[in-house]
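Trainee: My questions are about this predicted structure, shown below with the sequence.
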Amino acid sequence: MEEVVRTAITDALNELGLPLVSFTISHPENLSFGDYACNVAMVLAKEVGKSPKEIAQLLQEKLADQIEYVEKIEVAGPGFLNFYLVRDFFVSETERILKAENHWGSNDSLVGKKYIVEYTDPNPFKEFHVGHLFTNTVGESIARLCMMQGADTKRVNYQGDIGLHVAHALYGMQKLGLTSEGDFSAGDLGKAYVVGATAYKIDEEAQKEIREINKKVYDKSDKIINELYEKGRFISLAYFEGIYAVIGTQFDAYFFESEGATKGKELVLAHPEVFIESEGARVFEGEQYGLHTRVFLNKEGLPTYEAKELALAKMKENSLGVYDHSIISTANEIVEYFKVLKKAMSFVYPDLAEKTEHIGHGMVRLTSGKMSSRTGDVIPALSFIEEVTERAQEKIMQAGVTVANKSLATDIAIGAIKYATLRGNISQDTVFDTEKSLSFEGDSGPYLQYTHARICSVIEKAKEVGIMASIEKVREVPYEVEKVLYQFEEVIKIAFEERAPHKVVTYLTHLAGMFNTFYAHEKIADASDEYAPYKVAVAKAVGQTLKNGLWVLGIKAPEKM
């Protein structure tokens, strides 16, 4: 509908001989001010030397009775145009939602396009911590927003299974007595990494030994190191898969630094005009492009993360076929590095560089500061989820439930974590507050889940007394929740275009609040109410919208709570 209004305004400007300008159309916070508000008259005033109100009145007259579903247009304030939609519009939207079901909110703007979304990217041999949960939550939501636009979306995960951090862990494993024949866990690998990373920083002999281990991993020259490496890698990857199953992510392809190492080195050496020699290393001089210099091959001739990442773009294409766009979601820490990488890529793979987009996001922080896997100052993801699940279970029991439901408690816990992660702009840091995030009273994942469950319950109660959803008989004035309901489609589109999942969070929270107000004032399952079937239809449409929106956020929508 927003596009219909925008097109009508543009056509009116042409017919009135007024210049075309960029203007905004939004939904007034106060519903009494209409369903859409436009600032075009205020923008034009500077261009044509007339008052905003005068221009607004001209447009009001020109647009009168010209836009389908627009009942009236008013000039408000300094020159806003407020558009009021007819009653039938909201009825037709409710019907459309019920027919669309799980497809409601999606569009076909990217049908026929292939999008690759890379995210999570944990390093084997290191702990999968809360920060990785943040990265996974952001990336998963971006991938689902791509799917909502009709894109053939491939989720990929790039994991650092080779490099100095692996040598740190292997050194630590040997110091802790871990062997390829013995039993050890992913947690043990995390401890081993801390041992190695600490020794590398403070002990010169350990540093030399770790560098030797790193070379041996690259050239596979040491049988004991090889076997220990393979065992640790296998345990790490299996551990990661267990976490993905819990949080609801399924990747289409996995890529590893070990696969890109040889190719990356070849690319750097094949382009000496791009990667110049500097003190025995190969670097890309980013300063001439307003960036900074990065090493792509170190003095020992080993490819750095940058060189391997350069090879990754082509690896994706070789594995998944030609794609239209590649989105890479990582922490903000490497935003500047990625600018250098993309510039270097523009000389090696110009077509792929053009298709590559990097999205930086904030970090989850402890009260003591930033987490560090090197010092061990991290919260393991599974431990964190378990802790929040236990607290969710306590809240469920406090509500009077006598039988424990671990599965529901887990869904609530993950909903709380993901909502808290996505509720603010993803570029900002997040501090997780367990009590606030598990609240059932608003601005939380459990609040949205509870509202969905409430709707399922009231629909079931209505069914028991013979009331089925229908749009045949409606009251003359729309319910306020209807004036928010239809906006979901617009929100999904904007959230994708701006890479802003928080807009979905904000909208769903507002919609849930509007429904709960509706629920508090209206008897829905009342067989004596002639409007009850339509109230059920509205409730069902809200429930579908919440379910679809929660899916975009990677959150389950329980039918009972």
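Mentor: Looks like it came in fine.
Trainee: Would you map the helices across the stretch 1-150 of the chain?
Mentor: In the stretch 1-150 of the chain, the segments counted as helices under DSSP state H, counting those that start in this stretch are 2-16, 40-48, 52-63, 87-100, 130-148.
Trainee: what's the next secondary structure element after the last one?
Mentor: Counting by DSSP states H and E, the next helix or strand C-terminal to helix 130-148 is strand 152-159.
Trainee: other SSEs contacting whichever helix or strand comes after that following strand?
Mentor: Per DSSP H and E, the first helix or strand lying C-terminal to strand 152-159 is helix 164-175. Applying 3 or more Cβ pairs under 8 Å, 6 or more residues apart in numbering; DSSP states H and E, we find helix 164-175 packed against helix 186-202, helix 204-219, helix 223-247. Where you see a C-beta, it was placed from the backbone N, CA and C, and this is true even at glycine.
Trainee: Turn the ones you listed into TSV, columns for distance to residue 419 and mean neighbour count.
Mentor: Formatted as TSV, the helices and strands packed on helix 164-175 follow (distance: least, Cβ to Cβ, whole Å; neighbours: other Cβ atoms under 10 Å):
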stretch	distance to residue 419	mean neighbour count
helix 186-202	27	20
helix 204-219	40	16
helix 223-247	13	17
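Trainee: Out of the ones you listed, the one nearest residue 500 is which?
Mentor: With Cβ to Cβ, the closest approach to residue 500 among the helices and strands packed on helix 164-175 belongs to helix 223-247: 21.2 Å.
Trainee: Pull the distance from that closest one to the chain's centre.
Mentor: When distances are taken as Cα atoms, centre = their mean, to the nearest Å, helix 223-247 is centred 26 Å away from the chain's centroid.
Trainee: What is the helix or strand that comes right after it packed up against?
Mentor: Toward the C-terminus, helix 223-247 is succeeded by strand 253-256 as the next helix or strand (DSSP H and E). Contacts defined by 3+ Cβ pairs under 8 Å, 6+ apart place strand 253-256 against strand 152-159, helix 305-320.
Trainee: Now strand 253-256: buried residues?
Mentor: Neighbour counts over strand 253-256 (16 or more other Cβ atoms under 10 Å) mark 255-256 as buried.
Trainee: Show me the domain layout of this structure.
Mentor: Following the assignment in automatic domain parsing, the chain carries domains at 2-85, 119-370, 412-552.
Trainee: Distance of residue 347 relative to residue 64?
Mentor: Residue 347 sits 57 Å away from residue 64, going by Cβ to Cβ, to the nearest Å.
Trainee: do residue 355 as well
Mentor: Distance from residue 355 to residue 64, by Cβ to Cβ: 46 Å.
Trainee: which of those two has more neighbours?
Mentor: In this view residue 355 and residue 64 are compared by other Cβ atoms under 10 Å, and residue 355 has more residues nearby, 19 against 11.
Trainee: before we move on, the earlier item: adding mean neighbour count, mean pLDDT and distance to residue 478, write the helices of the stretch 1-150 of the chain out as JSON lines.
Mentor: Shown next, in JSON lines, are the helices of the stretch 1-150 of the chain (neighbours: other Cβ atoms under 10 Å; pLDDT from 0 to 100; distance: least, Cβ to Cβ, whole Å):
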{"stretch": "helix 2-16", "mean neighbour count": "15", "mean pLDDT": "94", "distance to residue 478": "18"}
{"stretch": "helix 40-48", "mean neighbour count": "18", "mean pLDDT": "90", "distance to residue 478": "26"}
{"stretch": "helix 52-63", "mean neighbour count": "19", "mean pLDDT": "94", "distance to residue 478": "22"}
{"stretch": "helix 87-100", "mean neighbour count": "17", "mean pLDDT": "97", "distance to residue 478": "5"}
{"stretch": "helix 130-148", "mean neighbour count": "25", "mean pLDDT": "95", "distance to residue 478": "26"}
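Trainee: Noted, bye for now.
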